[in-house]
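Q: Predicted structure and sequence below. I'll ask about it afterward.
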Amino acid sequence: MAYQLRILAGFAETNPAALIGEVEAAITTDGSWERYFEVRMGAGPTVHIAHEDKVDYVVAVSWGSQSAHLKVRTLLSAIECADRIAHVFYEMRDAEMIQG
């Protein structure tokens, strides 16, 4: 079964491939793609994807004191990983593991 977006689905379709065109265009034009996703009462993660070394995609997700960075080989993987991390951050806050 293909991965379905959870957090980023608020911005696009649930299929990660639906974001590829927009993210590629932003990276080509601006060097990166970044979006804030409000998921609960004015709070949510900021997702950043760049192709800095032209080999790996760099993914950064932050939400308050939570922050994660990783490198992946494909843009589709970058989108999926960004969504997975953002969702984990949401779940941690929902379980009250993180305050604020």
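A: That came in fine, so what should we check first? Residues are numbered from 1 along each chain as shown.

Q: how far away is the residue nearest the centre of the chain from residue 40?
A: Taking Cα atoms, centre = their mean, the centroid of the chain lies closest to residue 82, which sits 3.0 Å from it. Separation of residue 82 from residue 40 (Cβ to Cβ, to the nearest Å) stands at 18 Å. No exception for glycine: its C-beta is placed from N, CA and C like everyone else's.

Q: For the spatially closest residue to residue 16 that is not a sequence neighbour, give me its contacts.
A: The spatially closest residue to residue 16, leaving aside those adjacent along the chain, is residue 79, at 4.5 Å (Cβ to Cβ, 6 or more residues apart in numbering). Residues touching residue 79, when contacts are defined by Cβ atoms under 8 Å, 6 or more residues apart in numbering, comprise 5, 8, 16, 19-20, 23, 49.

Q: Number of residues surrounding residue 36?
A: 12 (other Cβ atoms under 10 Å).

Q: wait, it sits on residue 48?
A: No: counting by Cβ atoms under 8 Å, residue 36 sits too far from residue 48 to count as a contact (10.1 Å).

Q: Helices of the chain, start to end?
A: Assigned by DSSP state H, the chain shows helices spanning 20-30, 75-94.

Q: which of these is buried the deepest?
A: The highest mean neighbour count among these, using mean count of other Cβ atoms under 10 Å, belongs to helix 75-94: a mean of 20.

Q: Show me the shaky parts of the chain.
A: Low-confidence regions of the chain, defined by pLDDT under 70, span residues 1, 12, 99-100.

Q: who touches the residue lying closest to residue 36 once chain neighbours are set aside in this structure?
A: In this structure, residue 36 finds its nearest non-sequential neighbour in residue 46, 4.8 Å apart by Cβ to Cβ, 6+ apart. Applying Cβ under 8 Å, 6+ apart to residue 46 gives the contacts 34-37, 61-63.

Q: how about 10 Å then?
A: 34-37, 60-63, 67, 86 (Cβ atoms under 10 Å, 6 or more residues apart in numbering).
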